[in-house]
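>>> Sequence and predicted model, in that order:
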Amino acid sequence: MTRNGALIVIDMQNDFCPGGKLAVAGGDEVIPRINALMQEFPVVVLTQDWHPPNHASFASNHDGAAPFSVIEMPYGPQTLWPDHCIWGTEGARLHPDLHTDPADLIIRKGFRAGIDSYSAFFENDKTTRTGLDGYLRDRGVTELTFVGLALDFCVAWSALDAARLGFTTRVLEGACRAIDLDGSLHNARQAMIAAGVTLED
Ligand code: VGL
Ligand code: ZN
């Protein structure tokens, strides 16, 4: 990998792995490869989905709403999820097999009750910034490689924002797993290709 590259590891947390509250099929299978990849990059960033119990993305906080239904929020459509990655809980912790020592930065997102944050760069209003763009620019990073969970939500939204922000952007699909809800995987792949994101295995 180049001198200017960073590996961005998205949401490798207990709740997104088998046995978790929003388990992604095979989510834990990608951990050995991600651990190995960390050795190849000069900069490694991990993200952590980190929600308060009253988070607006939880179906349980909307009367009568079913998990995986979609509602209209001030910032656009929002899928409602089972309660997951509640800050301070075991489910929100990074998977115990994931190596965290090589990480330069662990960045949390989704901690504001009223707004979800799939992307590592912007909350779902697409304007509120997490600070990651500035961090990477300050580190001289220009090329990003994304891996982790879930390919069709947080990985894709992060990669799309990265491309929009001008980073050379690559997703290693073999080191990701998807939720695949109502065509979300197909749509995410099409959007990433259209945005100039390189998809590799
Ligand atoms: C994610 C749904 C809700 C993800 C996070 O990490 O892809 N998906 N929160
Ligand atoms: Zn979430």
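Right, received. Where do you want to start? Ligands and ions are numbered 1, 2, ... in the order given.
>>> just checking, residue 143 touches residue 3?
No - contact between residue 143 and residue 3 fails when scored by Cβ atoms under 8 Å: they sit 9.3 Å apart. Just so you know, the C-beta spots here come from the backbone N, C-alpha and C atoms, and that holds for glycine as well.
>>> For the two, indicate the residue with more neighbours.
Remark: of residue 143 and residue 3, residue 143 carries more neighbours, 17 against 10, as counted by other Cβ atoms under 10 Å.
>>> ok now do that one, which residues does it touch?
Counting by Cβ atoms under 8 Å, 6 or more residues apart in numbering, residue 143 touches 1, 2, 4, 5, 6, 167, 168, 169, 170.
>>> Kindly report the same for residue 149.
10, 11, 12, 13, 16, 17, 24, 27, 30, 155, 176, 177.
>>> and residue 16, how many residues sit next to it?
Residues within reach of residue 16, counting by other Cβ under 10 Å, total 27.
>>> Mind pulling up the pLDDT for the residue nearest to the spatial centre of the chain?
With distances taken as Cα atoms, centre = their mean, the residue of the chain nearest its centroid is residue 154 (3.1 Å). Residue 154 is assigned 98 on the pLDDT scale.
>>> so it, which of the three states?
Following DSSP: H, G, I helix; E, B strand; the rest coil, we place residue 154 in the helix state.
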